[in-house]
Structures are given as C-alpha cells and as structure tokens.
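>>> The sequence isn't on hand, but the structure is:
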C-alpha cells in the first residue's frame with residue numbers, strides 16, 4: 001500500500017511548521033481483524049483421523065470440526081515443500097520454484113528451490129498490514145545450501161515476513177533431539193528426553209509464549225501463526241503411554257482397516273454413498289515402483305504382522321499426542337477470550353507417506369539411501385518403537401490404508417491418495433455453520449486467497465518493486481455460507497510431482513500413469529486415464545475409452561498449464577540420484593580440503609564435507625592435558641547413520657555407523673593416549689561399490705604416523721540425515737552417533753585446535769603436513 005503524501009507545513013523554524021504523522025505511521029490492521037492459527041500436519045491421508053472417520057483419536061480437531069467446517073475435497077501437491085510453498089504464496093508450486101522438496105532442487109525455472117521475489121508471502125502481506133506474524137515448527141522451504149550458520153538468510157522465515165520463528169528448517173527432525181532454530185540462529189534444545197522433552201510439547205509451549213508476549217504489549221493487534229508440527233512425518237516418536245492406548249487396534253491389518261473405515265467416512269459425509277475401494281496395488285507391473293508395493297496382509301508372517309501393527313500404533317499415538325498439545329493452544333485462546341475471533345485452519349500437507357517401504361522401517365534414512373530394510377533387524381526393535389532408539393516409518397500398506405479409498409499415497413500426484421487431505425476451518429465469529437461438511441473441490445493454492453479475502457486485503461501486483469506472479473488459487477470464503485454440495489468456484493488445477501502428473505477441470509480428471517522415483521523416463525509414452533470425479537470420488541473407474549475427446553482436451557490442458565506454470569522438465573530419477581547425485585551450487589563451492597573448529601554451531605550436511613562414494617581422510621590436532629581426557633573430537637550424523645572420532649578410556653575410537661545397523665563399525669587404538677600433543681586421524685580408501693551403491697574399502701586409524709587399528713569398512717551411498725545432526729567438533733549435537741558415548745559427549749581434558757578432512761586422492765601425509773604446519777604456527 002503506497003504511503004500517503006506529507007500534508008504538513010515545513011518552514012525554517014519548527015515552531016512555524018506543522019507536523020503530519022500520517023505518512024510515517026505503520027499500517028494498522030482493520031478494526032476487529034481476526035487472528036489466524038494455521039495448524040499444518042505432515043504426511044496424513046484423509047482416512048487417518050477420527051473426525052473424518054479414521055481410528056486415530058484427534059480430540060482437538062474434533063472440537064474444531066464440531067464448531068466449524070470439514071472439507072472433503074481439499075487437495076495438495078502430494079509433497080511437503082511444494083505444498084508449503086503454495087500455502088505461503090497462493091501460487092502453484094512450480095511458480096514458487098518448488099517442483100519437489102528442497103533436497104531435490106535443480107537448475108530449472110520451476111525447480112530451483114528458492115521462493116522468487118515474484119511470489120510475496122502471506123507473512124509479508126499481513127506483516128505489512130498490521131498483523132504480528134509467527135512461525136512455529138517445520139519450514140522445509142529454505143534451500144538446503146542456505147541451512148547453515150554462515151549462509152544467506154534471505155529465504156529464512158524472518159526475511160519472508162515472519163516476526164518470530166521457532167522450529168526446524170529441514171524436512172524432518174528427531175522429536176527427541178531436534179535440530180532447532182530460533183529466529184535467525186541455531187540453538188540447542190532446552191532440555192532432553194530424559195527430562196520429558198518432546199518437540200510437539202516444546203512447540204506448543206513456544207507458541208503460547210509468543211502470543212502471550214505479543215498480547216502483553218499490543219492487545220489490540222491481530223496475529224497470524226503458522227504452526228507446523230513434525231507429526232506425522234517420520235520419525236514417528238512419542239511417549240510409550242500414548243502408544244499403549246492403541247495396543248491391538250491395528251492387529252487386523254491394513255486391508256481390514258480399509259474395509260472398516262470406508263463406511264465410517266461415508267456415514268460422516270466425507271465420501272458420497274456408493275464410493276468403492278480401489279486396489280492396493282493399482283499400477284501395472286511395468287509402471288509401478290517396487291519400493292511402493294503393498295504386501296497383502298495374509299502373506300505376512302506372524303512376526304511381520306506384529307511389527308506392522310505396532311508401527312501403526314506408534315503413528316497413531318504420535319498424531320494424537322501432537323493434537324493434544326495443539327489443544328493446549330486452543331485452551332489458552334479460549335481462556336484469554338481470543339478464540340471467538342480466531343480463524344483456525346487445521347490441515348495436512350500431503351497423503352500418508354509410503355517412504356517406509358513395503359516392510360516398514362526402524363530407520364527411515366534407509367529410504368533416502370535406497371537401501372533395503374531387514375525384517376530381522378526391525379524385529380529387534382519392536383519393544384522400543386517410538387523411543388529415541390528408533391527413527392521409524394510405517395509400511396506402505398498403512399500409507400495406503402490411511403489414504404482410503406484412494407489409490408496410492410504421498411508423492412503420487414496423479415491420484416487422490418497423494419493429494420486429497422484433511423482440512424477443517426473453524427472461526428466462531430465468522431462462520432455460522434457448525435459441524436458441517438463442504439464438498440467443493442479446492443487446493444492448497446486457495447488458502448492464501450481465502451485469508452486475504454477475509455482480512456480485506458489483496459496480493460499487490462507489484463511488491464517491493466517486483467512485478468508479482470498472479471495468485472493461482474481462488475478464495476474459499478464463499479463456502480462458509482454455501483450449501484454442502486454447492487458448485488465449486490475453482491475451475492482447474494494441474495498436478496505434477498516426481499514424474500507423476502494429472503489435471504482436474506470441472507469435475508473431470510486426466511491421469512498419466514507413471515510412478516515416482518523409478519528412473520524409467522519416456523514420459524511421452526505414458527498411458528493416460530480419465531476419471532469423472534464428480535461421480536467417482538475414489539477414481540475407481542477409468543472412462544477414457546468412453547470419452548476420448550474429453551481425455552484429449554484434458555491432456556492438452558495439462559501441457560497448457562505446464563507451460564504457464566514452469567513445470568517442465570519432468571523428473572522421476574531415484575531418491576539417491578536426485579538428492580545425493582546432483583551437485584547444487586553454494587556460496588562456498590565444494591573443495592577438496594575442509595577445516596573445522598570447536599565451539600561453532602553444527603555444520604549442516606548440505607554444506608559440510610561430502611564423504612559419500614569416495615576415499616577420505618580426517619586429521620585432528622589435539623593436545624591432551626589430563627590423563628583421563630575424554631570426549632568427541634569429530635561427529636557428523638546420529639545413531640541412525642554417521643561417523644565419529646573420539647577418545648574413551650584413554651584410547652582413540654573411530655566409529656562409522658552405517659544406517660544405524662548394529663553392530664557399529666568400530667575401530668579402537670591398540671595403545672593408550674598419554675598427555676601430550678598429537679595428530680589423530682583416520683583414512684578410508686574406497687575399493688569397490690556394493691549392490692546398493694554403498695562403498696566398501698579399508699580403514700586405518702592413526703596416532704601421529706602410526707597405524708593403531710585397521711580393517712574393512714563400508715560407507716553410506718546417501719546422506720546421514722535429511723536434516724539436522726550436523727557436523728560438530730568437540731561435541732556431538734543432538735543424537736549421539738555411537739553407543740560408546742552419550743550426547744553431547746563434550747571433549748574435556750585437553751584442547752582441539754582443528755579437524756581437517758580431505759576427499760581428494762592425496763596421501764595421508766599431505767594432511768599430516770597441514771596439521772604440522774598449523775601446530776608450528778600455534
């Protein structure tokens with residue numbers, strides 16, 4: 001909004017001049033402007049939660065649904081970063097540069113992974129117009145290269161229109177040992193799980209604190225809060241007492257769950273009468289991704305059934321526990337008289353995740369390393385699922401079941417199993433209807449236009465001197481007073497994600513059969529299906545043969561939308577190839593030698609030394625002053641994958657934790673360390689590649705020039721974590737890499753000058769000379 005011109009009078013003497021404050025007063029929100037609380041869960045299909053008919057009790061969501069509106073046809077992009085970008089800007093995800101998650105960014109107009117200046121955010125518009133703006137929880141819209149203490153913060157929340165931020169910037173984090181950022185800096189968690197810490201609880205505490213502090217000084221100022229818990233994204237982690245509540249509730253399996261939940265969804269009006277179940281494995285064998293296959297329940301062993309059911313119990317408990325924490329925020333708003341004029345939006349960002357593989361996983365990082373799970377290994381953890389000892393994920397069967405009645409799940413943008421998600425909107429003062437369902441077809445791009453409409457604002461055509469992309473969505477405000485089945489005001493929506501694609505227009509949907517992350521390509525040979533979703537909500541009946549002209553029209557429309565929204569090129573390569581195989585430019589280009597120092601914030605993996613698939617060496621200049629010197633010299637990763645160099649019991653240890661698989665690969669020096677100055681290090685020489693692209697080779701442990709341990713070792717093909725657990729010197733932030741010490745494992749009884757790591761073909765002595773030179777300077 002342009003500032004008003006100065007209307008005062010300026011003379012030589014201020015006593016003869018007339019002041020005019022109007023051009024300089026910050027814009028004030030309209031009188032009685034509403035607060036906005038937007039709760040956005042992760043990875044949850046429509047058939048999971050109790051208000052929609054599911055088995056997972058969500059008392060807070062039910063309370064809001066009973067006092068507001070439940071939407072049966074609200075859709076997303078099928079993946080988190082892209083959906084979140086649409087909820088920030090109201091533009092389609094490719095216009096935002098988010099073809100997929102930040103970790104898969106590539107150098108194309110629709111895939112670069114940074115919000116462009118042509119896409120102002122809801123935070124910026126509300127902030128400029130008198131709202132306080134808060135963001136608590138997950139981000140996943142900051143380029144991986146920028147998630148670092150020394151990187152650009154241009155894409156961080158505070159630079160995108162938010163007054164405060166408390167949460168994690170990456171795609172996921174441990175609920176027990178989270179990777180936390182407050183405002184513009186990394187922080188350690190306030191206390192540990194042994195003292196009752198859980199991220200969902202911490203987030204609710206912080207949310208209430210932010211609102212309370214704002215109201216203490218500016219009670220008339222409205223606020224916007226985006227509250228994004230880690231639930232229900234992996235890792236599924238929660239206190240045992242909540243898991244116990246669900247004991248036995250999923251023992252009949254995911255196929256039985258689908259049969260049970262469908263009539264409940266119909267009874268609640270979420271689905272129309274006559275809706276049918278779709279096949280669990282709907283794609284032809286030559287199209288399907290084997291990693292997304294659903295194993296029939298009756299084909300499982302008794303142990304497998306037990307494990308799969310227990311994994312679902314933890315998923316459910318995690319979801320409900322987080323909902324109860326959100327209930328504390330709702331209670332606070334009611335107690336302080338704010339709830340009446342607060343718009344509460346409660347939703348999920350995509351379908352339930354199938355990234356746990358057909359067998360589930362106690363360590364989701366295996367998926368991102370394209371490494372198979374072992375049933376034998378998973379069963380070892382069945383009694384501690386949900387605890388800090390696991391980083392678990394449900395099997396694909398539960399992903400499909402919690403996305404009933406639709407085909408597939410997260411990542412599959414062509415089918416509603418990936419895109420049709422729960423949405424509830426409650427605004428006691430502004431919505432008269434209570435406990436009603438709305439069946440209008442809508443999309444995540446429609447939330448920002450809705451909020452601006454309610455607040456009496458518009459997205460400017462030019463923002464801060466940059467011409468803006470028009471918003472892709474339409475306002476849903478008309479639905480507040482509409483009949484449940486009134487026509488939607490949305491006309492068209494394209495879908496495209498990791499090689500999958502579809503187009504919806506006026507109740508019809510064309511779908512290109514293609515599975516994500518298969519590397520099959522040949523998109524021009526995709527077979528297209530046609531569904532009349534106004535009559536066939538589950539997309540169960542392909543009517544392409546009966547309506548060839550309609551199908552041709554919709555295919556043409558998809559390509560029209562693709563050109564307009566910067567969709568091409570399509571990408572379907574494996575997770576390992578996309579995440580780990582693409583070099584992304586950073587402010588600090590990749591180099592052969594890296595130096596790291598103690599007493600710094602953790603260095604995120606996206607900008608840390610990359611030891612994947614190559615030989616590498618590590619040297620540390622260390623002075624031991626106490627015979628009982630102990631602690632971490634170098635650590636990167638967590639108990640679910642990583643490596644660490646440390647001293648324990650006067651001996652030097654190097655542990656490479658390969659995807660959390662026990663036993664750890666452990667190397668211990670053959671002699672003790674006495675007080676003195678040392679160059680301590682290790683060297684891995686890569687010799688061959690394994691079946692799953694892991695590296696095999698020989699490792700040597702050094703004290704000065706002497707080899708004090710050696711043996712065979714394997715290293716991961718992909719990253720240690722999707723986010724968090726960065727590289728540290730002198731301690732281990734968050735979760736410990738090795739069972740041999742407890743986090744933070746702070747180095748005591750000596751001094752670390754630096755740790756040098758090389759990934760070039762140089763000999764060990766090259767780094768030794770580097771260390772010696774630094775010692776000489778010291």
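Done, it's in. Keep in mind it's a predicted model, so treat the numbers as computed, not measured.

>>> Which other helices and strands does the host helix or strand of residue 308 contact?
Per DSSP states H and E: residue 308 is located in helix 302-335. Where contact means 3 or more Cβ pairs under 8 Å, 6 or more residues apart in numbering; DSSP states H and E, helix 302-335 is packed against strand 35-41, helix 59-66, helix 199-217, helix 240-244, strand 342-348, helix 375-379, helix 396-401. C-beta: built from backbone N, CA, C; applies to glycine.

>>> among these, where is the model least confident on average?
Within these, confidence is poorest for helix 375-379, with a mean of 85 (mean pLDDT).

>>> how much space is there between residue 752 and residue 647?
Counting by Cβ to Cβ, to the nearest Å, the gap between residue 752 and residue 647 amounts to 10 Å.

>>> Count the residues that sit near residue 738.
The number of residues packed near residue 738 is 26, by other Cβ atoms under 10 Å.

>>> is it true that it touches residue 664?
Yes: when contacts are counted by Cβ atoms under 8 Å, residue 738 is listed as touching residue 664 (6.0 Å).

>>> okay, and the common contacts of those two?
Among the neighbours of residue 738, those also in contact with residue 664 (Cβ atoms under 8 Å, 6 or more residues apart in numbering) are 655, 657.

>>> Can you check the distance spanned by stretch 481-493, start to finish?
End-to-end distance of stretch 481-493 (Cα to Cα, to the nearest Å): 23 Å.

>>> which other residues reach it?
73, 75, 269, 432-433, 436-443, 445-446, 473-475, 478-479, 503-506, 557, 561.

>>> How is the residue nearest in space to the middle of the chain assigned, secondary-structure-wise?
The geometric centre of the chain, computed from its C-alpha atoms, lies nearest to residue 171 (Cα atoms, centre = their mean), at 2.7 Å. At residue 171, secondary structure determined by DSSP: H, G, I helix; E, B strand; the rest coil is coil.

>>> Could you measure from it over to residue 235?
To residue 235, residue 171 is 12 Å away according to Cβ to Cβ.

>>> before we move on, what about residue 78?
Distance of residue 78 to residue 235, given as Cβ to Cβ: 21 Å.

>>> between the two, which one's more packed in?
Under the neighbour definition other Cβ under 10 Å, residue 78 and residue 235 were set side by side, and residue 78 has more, 33 against 24.

>>> Tell me which helix or strand in this protein has the weakest average pLDDT.
Here the helix or strand of the chain ranked lowest by mean pLDDT, DSSP states H and E is helix 764-777, holding a mean of 40.

>>> buried stuff in the helix holding residue 308?
304-305, 307-327, 329-330, 332-333 (16 or more other Cβ atoms under 10 Å).

>>> and residue 732, what pLDDT?
We have a pLDDT of 95 for residue 732.

>>> Any idea how many residues pack against it?
Neighbourhood size, residue 732 [other Cβ under 10 Å]: 30.

>>> Please tell me how far residue 314 sits from residue 235.
For residue 314 relative to residue 235 (Cβ to Cβ), the value is 10 Å.

>>> list the residues that contact both of the two?
Listed as contacting both residue 314 and residue 235 by Cβ under 8 Å, 6+ apart are residue 392.

>>> hang on, residue 236 packs against residue 363?
No: taking contacts as Cβ under 8 Å, residue 236 lies outside contact range of residue 363: 11.8 Å.

>>> which residues are in contact with both of those two?
Contact criterion Cβ under 8 Å, 6+ apart; residues shared by residue 236 and residue 363: residue 392.

>>> Name the residue in the two with the higher neighbour count.
Counted by other Cβ under 10 Å, residue 236 and residue 363 do not tie: residue 236 has more neighbours, with 30 against 26.

>>> quick one, phi/psi of residue 719?
With angles defined as degrees, to the nearest 10, residue 719 sits at phi -70, psi 160.

>>> That one: how many residues sit nearby?
Around residue 719 there are 22 other residues, counting by other Cβ under 10 Å.

>>> re earlier: which of the contacts of stretch 481-493 fall in helices?
Judged by DSSP state H, helices contain the following of these: 557, 561.

>>> Are any of the contacts of stretch 481-493 buried, and if so which?
The neighbour-count test (16+ other Cβ under 10 Å) marks 73, 75, 269, 436-443, 445-446, 473-475, 479, 503-505, 557, 561 as buried among these.

>>> circling back to that earlier point, got any residues that touch both of residue 752 and residue 647?
Shared contacts of residue 752 and residue 647, counting by Cβ under 8 Å, 6+ apart, come down to residue 633.

>>> Neighbour count: the two, which is higher?
Using other Cβ under 10 Å as the criterion, residue 752 and residue 647 rank with residue 647 on top: 27 against 21.

>>> Going by contacts, tell me the helices and strands next to the helix or strand containing that one.
Take DSSP H and E as the rule and residue 647 turns out to sit in strand 641-648. Packing contacts for strand 641-648, counted by 3+ Cβ pairs under 8 Å, 6+ apart, involve strand 616-624, strand 631-638, strand 651-657, strand 676-689.

>>> again, 10 Å this time
helix 365-368, strand 616-624, strand 631-638, strand 651-657, strand 665-668, strand 676-689 (3 or more Cβ pairs under 10 Å, 6 or more residues apart in numbering; DSSP states H and E).

>>> So which residues of the stretch 501-650 of the chain form helices?
Secondary structure of the stretch 501-650 of the chain by DSSP state H, counting those that start in this stretch: the helices cover 548-564, 575.

>>> Could you export those as a markdown table, including mean pLDDT?
Converted to a markdown table, those look like this (pLDDT from 0 to 100):
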| stretch | mean pLDDT |
| --- | --- |
| helix 548-564 | 98 |
| helix 575 | 82 |
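
>>> Of those, which stretch is the most buried?
Most buried of the helices of the stretch 501-650 of the chain, by mean neighbour count (mean count of other Cβ atoms under 10 Å): helix 575, with a mean of 22.

>>> Can you name the residues that contact the residue nearest to residue 240 when sequence neighbours are not counted?
Closest residue in space to residue 240, ignoring its immediate chain neighbours: residue 386 at 6.8 Å, by Cβ to Cβ, 6 or more residues apart in numbering. Contacts of residue 386 were listed using Cβ atoms under 10 Å, 6 or more residues apart in numbering, and they are 175-176, 235-240, 242-243, 310-311, 313-315, 317-318, 321, 392.

>>> Pull up the per-residue confidence for residue 386.
In this model, residue 386 is scored at 97, pLDDT.

>>> Then the one 3 residues further on?
In the predicted model, residue 389 carries a pLDDT score of 93.

>>> next one: phi and psi at the residue nearest to it when sequence neighbours are not counted?
Here the nearest residue to residue 389 in space, its sequence neighbours aside, is residue 381; by Cβ to Cβ, 6+ apart that works out to 6.4 Å. When quoted as degrees, to the nearest 10, the phi and psi of residue 381 stand at phi -110, psi 10.

>>> contacting residues around residue 381?
By Cβ under 10 Å, 6+ apart, the contact list for residue 381 reads 307, 310, 361-363, 387, 389-390, 392, 660, 662.

>>> give me the low-pLDDT residue ranges for the protein?
Within the chain, the ranges that satisfy pLDDT under 70 run 1-2, 760-778.

>>> Could you rerun that using 50?
Within the chain, the stretches with pLDDT under 50 are 762-778.

>>> Can you get me a residue count around residue 28?
Neighbours of residue 28 using other Cβ under 10 Å come to 11.

>>> wait, residue 519
The local packing of residue 519 (other Cβ under 10 Å) involves 12 other residues.

>>> cool, the one 3 residues further on as well?
The local packing of residue 522 (other Cβ under 10 Å) involves 8 other residues.

>>> surely it meets residue 514?
Yes: counting by Cβ atoms under 10 Å, residue 522 does reach residue 514; the two are 9.1 Å apart.

>>> joint contacts of the two?
In contact with both residue 522 and residue 514: residue 572, using Cβ under 10 Å, 6+ apart.

>>> who does the strand holding residue 647 pair up with?
The strands that strand 641-648 pairs with in its sheet are strand 631-638 (antiparallel), strand 651-657 (antiparallel) (by DSSP bridges).
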